[in-house]
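Novice: here is my input, please return the structure:
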Amino acid sequence: MLQVEKSQENLIQQFSFRTNPSSDNNTSLSTDRLNGGTDCGEWEDSDLHCDPADECGVNEFFSPVGSVSLAAGQTETIELHYLPFHLGRRHCSVLLVSQQVGEQVYLVEGTADLPLSSPLTTKPSPNVVHVSSATSDGADPRPAVNLRCGVGSTLDEVVCVPLVNGLWERALATVGQQRMSPVEKKRRSLTHTLDSSTVRAGVAAAALTTPQSLLVPGPVQSQVVEYHVEVSLPEHFLFPHTITLPVARDARVTQDNLTDSEVVMVPLRFHAHVAGRFRCQLVLQSWRDIRVYLLEAVVTAEGGHAQLEFTTPAHLSVTQDIPLINESRQDWRLRGLVSGCGFYGPPVVYIRAGEKTCYPLTFRPTTQSIVTGRLSLLNDTDGTEHSFTLRGVGERSLPLDHVVIHCSVRQVTHSTLQVPNYSQHPLTCQVDTLLL
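Specialist: The predicted structure is shown next:
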């Protein structure tokens, strides 16, 4: 945030970026002194310079603004972008030059953490649950692979690791567009080649630091890249310590509908001796890039079904509200599957993240009998299932009505009784009365 104090004149402060060598991997932005003026100026494009002697030939800090114009007492904001390619901390010095007030220096610190999780597919398996892609927000990333099994089970699955890192390729395309001249950017925009492989390849060569470039093998050995694998839950998820991925010659930015030739099959084993939800972070790191994948397994206990019992006279309904609490950060969609004569419930229930609701289960027997059933609540969001064993007791029905007939002595009076039929087919009823 820039602010001018104690001045009655308009200021124009201009700056340009140049990456200087730094022993501590810091990116320094120096400026060339430009002439100021007394009139408000317009925005100008930043002049980005890459020094070949720098450890990283790509500016991780850049800005679309080349100058900022401030009126007397005005406050303005400079837009600064940070796109890191390597983990760690970087520093950026922004130097503003004005003939009226001199120079102003702003120190910006950027910290690069692990990237966001990437999509991951598996070979078809009954233990892999395909969940909905809808999420409530980005705070709770959705796992790429969802497994489901019982306590004590061991799952052996095959995951398909893409040859191309989609996040890495999109970042290369973004930096490549920042390095283009306006004429080049317009030409590539017309030909739809802003994110072409040639643009990304040039940026990738410059993005390697000096120590990393020394690790790049020769032309023959450079056909593959070795990744070191870190698993956050190694006691449950077993994954190879290292995997080798061939270098893709035709790298696509989009990672949809990958063929077998665009992925590498890697074995994955999961086992757990207790019920619960296990979320694992899979980190693949090489000298070139780093990837993060999220895996999740839901383990259910056998024989843990709840039992519900209903008792009501025939032709009368009773409703039990089953509480459901969504403690996650994603909205839930639950499908209710009800079996058993006389049991009824809604087919779908929605629960917003962090909220609770009830599933209304109704029992309405048509005869005096004992009925058993089952309720299954299937969570389409995370693939879990909650089951209930149902038992309904239909008691003798209560009187449907209290009929009073008024008549004179020795005269015949007629009265009509309404007999309901709650079934879906005709009924034949036997009359049993104390009057006969």
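
Novice: can you give me the buried ones in stretch 284-302?
Specialist: 284, 286-300 (16 or more other CB atoms under 10 Å). The C-beta positions use only the backbone N, C-alpha and C, and glycine is treated the same way.

Novice: can you tell me the closest non-neighbouring residue to Thr384?
Specialist: When the adjacent residues along the chain are set aside, Thr384 lies closest to Val298, with 5.3 Å between them (CB to CB, 6 or more residues apart in numbering).

Novice: how near is that neighbour to His406?
Specialist: Note on Val298: its distance to His406, by CB to CB, to the nearest Å, is 68 Å.

Novice: before we move on, what about Ala173?
Specialist: 92 Å.

Novice: higher neighbour count, the two?
Specialist: Legend: neighbour count by other CB atoms under 10 Å for Ala173 and His406, higher for Ala173 (18 against 6).

Novice: tell me which other helices or strands the helix or strand harbouring that one touches.
Specialist: Element membership of Ala173 [criterion: DSSP states H and E] is helix 166-178. Counting contacts by 3 or more CB pairs under 8 Å, 6 or more residues apart in numbering; DSSP states H and E, helix 166-178 is packed against helix 197-207.

Novice: isn't Thr122 up against Val128?
Specialist: Yes: using CB atoms under 8 Å, Thr122 makes contact with Val128 at a distance of 5.2 Å.

Novice: what's the overlap in contacts for these two?
Specialist: Overlap of the contact sets of Thr122 and Val128 (by CB atoms under 8 Å, 6 or more residues apart in numbering) consists of Val145, Glu157.

Novice: can you give me the helices in this protein?
Specialist: For the chain, the helices defined by DSSP state H occupy 166-178, 182-191, 197-207, 210-215.

Novice: picking that back up, what's the most distant pair in the buried residues of stretch 284-302?
Specialist: Across the buried residues of stretch 284-302, the longest distance by CB to CB is 41.7 Å; it joins Trp287 and Thr300.

Novice: related to what we said a few turns ago, any idea what the residue nearest to Thr384 is bridged to?
Specialist: Beta bridges link Val298 to Arg148, Arg277 when assigned by DSSP bridges.

Novice: what do you get for Gly392?
Specialist: Residues in beta-bridge contact with Gly392 (DSSP bridges): Phe310, Val371.

Novice: can you tell me which residues contact it?
Specialist: 309-312, 340, 342-343, 363, 365, 370-373.

Novice: one more: Arg279?
Specialist: With contact set as CB under 8 Å, 6+ apart, Arg279 has these partners: Pro143, Leu233, Leu294, Leu295, Glu296.

Novice: mind checking which of those are in strands?
Specialist: With DSSP state E as the criterion, strands contain Leu294, Leu295, Glu296 from among the contacts of Arg279.

Novice: the first one touches Pro115, doesn't it?
Specialist: Meaning Leu294. No: between Leu294 and Pro115 there is no contact under CB under 8 Å: 11.8 Å.

Novice: point out where the stretch 201-350 of the chain drops to low pLDDT.
Specialist: 201-222, 249-256, 301-305 (pLDDT under 70).

Novice: then the stretch 51-200 of the chain?
Specialist: For the stretch 51-200 of the chain, the stretches flagged by pLDDT under 70 are 51-58, 130-142, 195, 197-200.

Novice: hey, what's the residue nearest to Asp380 when sequence neighbours are not counted bridged with?
Specialist: Leaving aside its sequence neighbours, Asp380 sits nearest to Arg333 (CB to CB, 6+ apart; 4.5 Å). Applying DSSP bridges to Arg333 gives these bridge partners: Tyr350.

Novice: gap between the residue nearest to Thr384 and Leu378?
Specialist: Going from Val298 to Leu378 by CB to CB gives 12 Å.

Novice: anything in contact with each of the two?
Specialist: Common contacts of Val298 and Leu378, defined by CB under 8 Å, 6+ apart, comprise Thr384.

Novice: can you check the pLDDT for Arg33?
Specialist: Listed pLDDT for Arg33 reads 32.

Novice: before we move on, what about the one 10 residues further on?
Specialist: With respect to pLDDT, Trp43 scores 30.

Novice: of the contacts of Gly392, closest to Leu238?
Specialist: Closest approach to Leu238 among the contacts of Gly392 (CB to CB): Gly373, at 40.7 Å.

Novice: run a quick neighbour tally on the closest one.
Specialist: Quick note: Gly373 (other CB under 10 Å) scores 19 neighbours.

Novice: once you drop chain neighbours, what's closest to it?
Specialist: Using CB to CB, 6+ apart, the closest residue to Gly373 is Gly340 (1.8 Å).

Novice: wait, the one you found touches Val371, no?
Specialist: Yes: judged on CB under 8 Å, Gly340 makes contact with Val371 at a distance of 5.6 Å.

Novice: report how many residues lie close to Glu327.
Specialist: 8.

Novice: with adjacent residues omitted, what lies nearest to it?
Specialist: In space, Glu327 is closest to Gly354, 7.2 Å off (CB to CB, 6+ apart).

Novice: could you check the pLDDT of the one you found?
Specialist: pLDDT at Gly354 comes out at 88.

Novice: what's the answer for Arg374, then?
Specialist: pLDDT, Arg374: 93.

Novice: before we move on, the earlier item: and which of the buried residues of stretch 284-302 is nearest Cys149?
Specialist: The closest of the buried residues of stretch 284-302, once distances to Cys149 are taken by CB to CB, is Val299, at 6.0 Å.

Novice: distance-wise, check that closest one relative to Val263.
Specialist: Separation of Val299 from Val263 (CB to CB): 27 Å.

Novice: for Pro143, give me its contacts.
Specialist: Here Pro143 is in contact with Ser117, Arg279, Leu294, Leu295, Glu296 (criterion: CB under 8 Å, 6+ apart).

Novice: CSV for those residues, including distance to Gln411?
Specialist: As requested, those are arranged in CSV below (distance: CB to CB, whole Å):
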residue, distance to Gln411
Ser117, 88
Arg279, 83
Leu294, 85
Leu295, 86
Glu296, 80
